[in-house]
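[1] Predicted coordinates and the sequence they were generated for:
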2 protein chains.
Amino acid sequence: MKIVVIGSGTAGSNFALFARKIDRKAEIIVIGKEKTMQYSPCALPFTLSGKIPKLEDIVVFPTEFYEKQKIKLLLETEAKAIDRERKVVVTDKGEIPYDKLVLATGSKAFVPPIKGVESEGVFTLKTMDDVKQIQNYIKERNPKKALVIGAGLIGLEGAVAFREIGMDVIVVELLEHLLPTMLDKDMASIIQSHMEEKGIQFRFGAAVSEIIGNPVNAVRIGEEKIETDLVLVATGVRANTELAKQANLEVNKGIIVDEYLRTSDPDIYAIGDCAEVYDAVTGNRILSQLGTTAVRMAKVAAENIFGRNVKFKPVFNTAITELFDLEIGTFGITQERAKKEGIDVVIGKFKGSTKPEYYPGGKPITVKLMFRKKDKKLIGAQIVGGERVWGRIMALSLVAQKGASVEDVAYSETAYAPPISPTIDPITIAAEIALRKFK
Amino acid sequence: MKIVVIGSGTAGSNFALFARKIDRKAEIIVIGKEKTMQYSPCALPFTLSGKIPKLEDIVVFPTEFYEKQKIKLLLETEAKAIDRERKVVVTDKGEIPYDKLVLATGSKAFVPPIKGVESEGVFTLKTMDDVKQIQNYIKERNPKKALVIGAGLIGLEGAVAFREIGMDVIVVELLEHLLPTMLDKDMASIIQSHMEEKGIQFRFGAAVSEIIGNPVNAVRIGEEKIETDLVLVATGVRANTELAKQANLEVNKGIIVDEYLRTSDPDIYAIGDCAEVYDAVTGNRILSQLGTTAVRMAKVAAENIFGRNVKFKPVFNTAITELFDLEIGTFGITQERAKKEGIDVVIGKFKGSTKPEYYPGGKPITVKLMFRKKDKKLIGAQIVGGERVWGRIMALSLVAQKGASVEDVAYSETAYAPPISPTIDPITIAAEIALRKFK
């Protein structure tokens, strides 16, 4: 069997490795535009701050690693078209025939059509090249002020990085609070206060209408002109679906796939940021666009190409980050989105400490859990705290994936030791609070 | 209703608080031998090392707190007998009638009948008084060498505390490796090496036959005489069942209760260290004797006394600790115990890093998962690593409590961010390794 993968990012690279693990003989060819195989886009903000000292380190495996696994790499090669009748990928360097094709074309930064957005000093943060350009600009121009458009994960992580290397930072967000798709306002405000204490300013419900100067020296928000030496546009990503569209595959916001990750052509699969998945809570088709989702799709697609018939489960979009001294973890639906979707929820919210009262060093932690009113299932969680948020969001997410009810969480057995966690964990208390509202 | 609780430890104190939350009017009386209400016995080793600076701080709530909740406390009072016909508790200060009685009599340190075990300088580590005595002895005698009998949790935490305050420490364990009920030998050896590097010595398969000197100056192991200035006996605890036995309730190693936590007398409940629970893996009756189990039993008993009919679920004995720079987490059955019990298991074991390769500061972590061969269920986990063990054991335990299979874990959605965890989590890799063995 000859398997061709278009895309050398997280999804494509992991697919090739999983496929090779399953079958030692299949011919596996990866076509990629970039010079390297998979690197971690989530790591880019941390290269900017210097927490990851060398940019090149984020490339997960060198090309030789793939070659040793007998995965054929066609890097710096662009797929131009798919001829589904002849089962051939047309590239700028010739035609590649396939038995099975995997689209792992990824996503690109979305840049809104703001006047002046093409000026020098305006960046996105989606690729290694973006980081190189920002780093060069910082070296050459020594900017003192940065303005970030978009208070999503990348925007905030970028804002923290700029602040950590000594710049004044303003974050401008069209919606009413930070991380608007992941958190409710009450939880976002905890993070906002912390980031403000660290010297980052926020403007919510605000849009940049113009970027002034080339190189940039200011932006306009309504009547106001705000000086800045650098602009980061972090307004989300869009799925790369051009090839799929041109090949007449079914495409919505992303490429449409069935639960086995096959597109409308059964010999073509789509995985990672370019493909739509099902939301575990609403059942809607969504773009998940998380690294973990890409890897899980890669694994399932590899198994299905070799006939294993594994269904890809709907996603909860479990996510975690660190912003200064806070950890933030979420999954599932927010209270705000539940309202929009017409889903009645019962909330359990609790603020406690990460350690028993008597043990020094405990930090505040706030847990907010969303349970669906009609069946008591855990359908969302938001946790913000000074430490050990990750473990709690992992535990809640895994058990939600297994269909946990409010009783399951409220009566669950947790792991306690004085230096690590309280006897009665904040997650079980939050669930108890919700449980009482059910009664 | 008049509810009498015998025991002011974790189970009894929490029961009183839960009961009060459910019912504002019931008369609630707690009879306790000690001067204080609940304190955390798990915290005692950390008071010894000074990590918890003040011993008194481990008392969770002052007596006034309970009194404000209209919980009547009879402290420094000893229950001598239960007259089930008259429904009366006989104490050294008079008789207390009850409608419902809750036995939360706890456990006591088990001290094996070693020659010389009554000598000065020989201690247990189960109560605040034990800590006071050890601290006084250290102040007066300035011991340089400590010998710990028993390599369970309390023994090892005690050993670490002695080492951290500058003593030479030897740990003597009858069985073949440390934490013998919680870990297999391969996992225990990781911890052993780390503790040896920190200067603690171990003797396995060895028993102390005599404690020499008064105050102690040596112990005998077989032919060998080992000098020591202090001995800590940490050979487990025994349930306090005397009252229950005297009242002719059904008693095994602990007081026998049904799934609603009622003893053989339907007006008497038993909770915490003194009562037996069901093991989630084997279905056997066991003594769990964890703080988390005590609290959960307290909650369920309180609900049942007020007619809510909540079943207490079998326990996985989820536990966590910190020993020097390692976190150790476990639940369920070990490979060694599975063999003894005749349960066929499939193992998934993986050693990885707590962070992505490219992110500085990642620490080694080893994950060992046990799945039952006949139904693929996750029935045990052992994790040892430099950080973020707690979150993984929490996640695995909660999902095991919900009946997770090897596929559930292998395909689970985890939470990834470069500073916090790898894209593909060690727990999913360990499950994948097991999954391949099933095929």
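    Right, received. Where do you want to start?
[2] buried residues in the helix or strand where A:Ile427 lies?
    For A:Ile427, the host element (DSSP states H and E) is helix A:426-438. Within helix A:426-438, the residues that qualify as buried are A:426-435, counting by 16 or more other C-beta atoms under 10 Å in any protein chain shown. Just so you know, the C-beta spots here come from the backbone N, C-alpha and C atoms, and that holds for glycine as well.
[3] how near is A:Ile365 to A:Ala431?
    Shown here: A:Ile365 relative to A:Ala431, a distance of 15 Å by C-beta to C-beta, to the nearest Å.
[4] same question, A:Val300
    31 Å.
[5] cool, A:Gly50 as well?
    Counting by C-beta to C-beta - A:Gly50 and A:Ala431 are separated by 40 Å.
[6] got it, and A:Asp184?
    Taken as C-beta to C-beta, the span from A:Asp184 to A:Ala431 is 17 Å.
[7] before we move on, what about A:Leu396?
    A:Leu396 is 9 Å from A:Ala431, by C-beta to C-beta.
[8] And A:Asp273, by the same measure?
    Distance from A:Asp273 to A:Ala431, by C-beta to C-beta: 33 Å.
[9] what does A:Arg84 give?
    Distance from A:Arg84 to A:Ala431, by C-beta to C-beta: 50 Å.
[10] from chain A, which residue is nearest to chain B?
    A:Gly391 (2.3 Å; C-beta to the nearest C-beta).
[11] Around chain B, which positions in the stretch 251-400 of chain A sit nearby?
    A:290-293, A:295-296, A:299-300, A:310, A:313, A:315-316, A:318-322, A:327, A:329, A:331, A:356-360, A:388, A:390-399 (C-beta under 8 Å from any C-beta of the partner chain).
[12] ok, back up a step: then the residue of chain A closest to chain B would be within a helix, right?
    Yes. Checked against DSSP: H, G, I helix; E, B strand; the rest coil, A:Gly391 lies within a helix.
[13] So it is in contact with B:Arg392, correct?
    Yes. The criterion here is C-beta atoms under 8 Å, and A:Gly391 meets it with B:Arg392 at 7.3 Å.
[14] Quick one: residues contacting the residue positioned nearest the centre of chain A.
    Central residue of chain A (C-alpha atoms, centre = their mean): A:Leu290, 3.5 Å from the mean position. Residues in contact with A:Leu290 (C-beta atoms under 8 Å, 6 or more residues apart in numbering or on different chains) are A:315, A:317-319, B:416.
[15] Out of those, which is nearest to A:Ile212?
    Using C-beta to C-beta, A:Ala319 comes nearest to A:Ile212 of those, at 34.4 Å.
[16] Please give the element, helix or strand, for the nearest residue to the closest one once chain neighbours are set aside.
    Nearest residue to A:Ala319, sequence neighbours excluded (C-beta to C-beta, 6 or more residues apart in numbering or on different chains): A:Thr330, at 5.5 Å. A:Thr330 belongs to strand A:326-332 when assigned by DSSP H and E.
[17] contact partners of that strand?
    A:179, A:182-183, A:190-191, A:194, A:280-281, A:316-322, A:370, A:378-390, A:392-394, A:396-397, A:400, B:413, B:415, B:420.
[18] Give the buried residues for that strand.
    For strand A:326-332, by 16+ other C-beta under 10 Å, it's A:326-332.
[19] Farthest pair within those?
    Farthest pair in the buried residues of strand A:326-332, by C-beta to C-beta: A:Leu326 and A:Gly332, 20.0 Å.
[20] After the strand holding A:Thr330, which helix or strand is next?
    Assignment by DSSP H and E places the next element after strand A:326-332 at helix A:335-341.
[21] returning to what we had before: what's the residue of chain A closest to chain B in contact with, if anything?
    B:388, B:390-392, B:394-395.
[22] so who does A:Asn252 touch?
    A:276, A:285.
[23] and what of A:Gly283?
    A:Pro314.
[24] Kindly export the helix holding A:Ile427 (C-alpha atoms) in CSV.
    The C-alpha coordinates for helix A:426-438 follow below in CSV (Å, rounded to 0.1, in the frame of the first residue of the first chain):
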residue,chain,number,x,y,z
PRO,A,426,-11.9,21.5,45.7
ILE,A,427,-13.3,19.5,42.7
THR,A,428,-15.4,17.3,44.9
ILE,A,429,-16.6,20.3,46.9
ALA,A,430,-17.6,22.1,43.7
ALA,A,431,-19.5,19.0,42.6
GLU,A,432,-21.2,18.7,46.0
ILE,A,433,-22.4,22.3,45.7
ALA,A,434,-23.9,21.5,42.3
LEU,A,435,-25.4,18.3,43.6
ARG,A,436,-27.3,20.2,46.3
LYS,A,437,-28.8,22.4,43.6
PHE,A,438,-30.1,19.3,41.9
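[25] near chain B at all, it?
    No. Figure legend: helix A:426-438 not in contact with chain B (C-beta under 8 Å from any C-beta); closest approach 8.5 Å.
[26] Tell me the first helix or strand C-terminal of the lowest-mean-pLDDT helix or strand in chain A.
    Every helix and strand in chain A was compared by mean pLDDT, DSSP states H and E; the lowest is helix A:63-68, with a mean of 93. Downstream of helix A:63-68, the first helix or strand assigned by DSSP H and E is strand A:71-74.
[27] Show me what that following strand is packed up against.
    When contacts are defined as 3 or more C-beta pairs under 8 Å, 6 or more residues apart in numbering or on different chains; DSSP states H and E, strand A:71-74 sits against helix A:10-22, strand A:27-31, helix A:63-68.
[28] Pull out the buried positions in that strand.
    Those would be A:71, A:73-74, for strand A:71-74 by 16+ other C-beta under 10 Å.
[29] residues touching A:Gly150, list them.
    Per C-beta under 8 Å, 6+ apart, neighbours of A:Gly150: A:171-173, A:233-236.
[30] now A:Leu261
    A:269-271, A:275, A:297, A:300-301, A:304, A:312.
[31] mind putting the contacts of A:Gly150 in CSV, secondary structure, pLDDT and distance to chain B included?
    As requested, the contacts of A:Gly150 are arranged in CSV below (DSSP: H, G, I helix; E, B strand; the rest coil; pLDDT from 0 to 100; distance: C-beta to the nearest C-beta, whole Å):
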residue, secondary structure, pLDDT, distance to chain B
A:Val171, strand, 98, 19
A:Val172, strand, 98, 24
A:Glu173, strand, 98, 21
A:Val233, strand, 98, 22
A:Ala234, coil, 98, 16
A:Thr235, coil, 97, 20
A:Gly236, coil, 96, 18
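[32] Now a PyMOL select for only the buried ones of the residues you listed.
    Command for PyMOL that selects the buried part of the contacts of A:Gly150, burial taken from 16+ other C-beta under 10 Å:
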select buried, chain A and resi 171+172+173+233+234+235+236
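[33] can you map out the helices along chain A?
    A:10-22, A:44-48, A:63-68, A:128-141, A:153-164, A:185-197, A:242-246, A:291-305, A:335-341, A:389-401, A:406-410, A:426-438 (DSSP state H).
[34] Name whatever forms a beta bridge with the residue nearest to A:Ala319.
    Bridge pairing for A:Thr330 (DSSP bridges) gives the partners A:Ala319, A:Gln382.
[35] Could you give the number of residues near the residue nearest to A:Ala218 when sequence neighbours are not counted?
    In space, and not counting its chain neighbours, A:Ala218 is closest to A:Ile212: 4.3 Å by C-beta to C-beta, 6+ apart. Neighbour count for A:Ile212, taken as other C-beta atoms under 10 Å in any protein chain shown: 16.
[36] Pretty sure A:Ile212 sits against A:Gly116.
    Yes. Counting by C-beta under 8 Å, A:Ile212 does reach A:Gly116; the two are 6.2 Å apart.
[37] near chain B, which residues of the stretch 1-150 of chain A show up?
    A:10, A:40, A:42-43, A:46, A:51-53, A:57-60.
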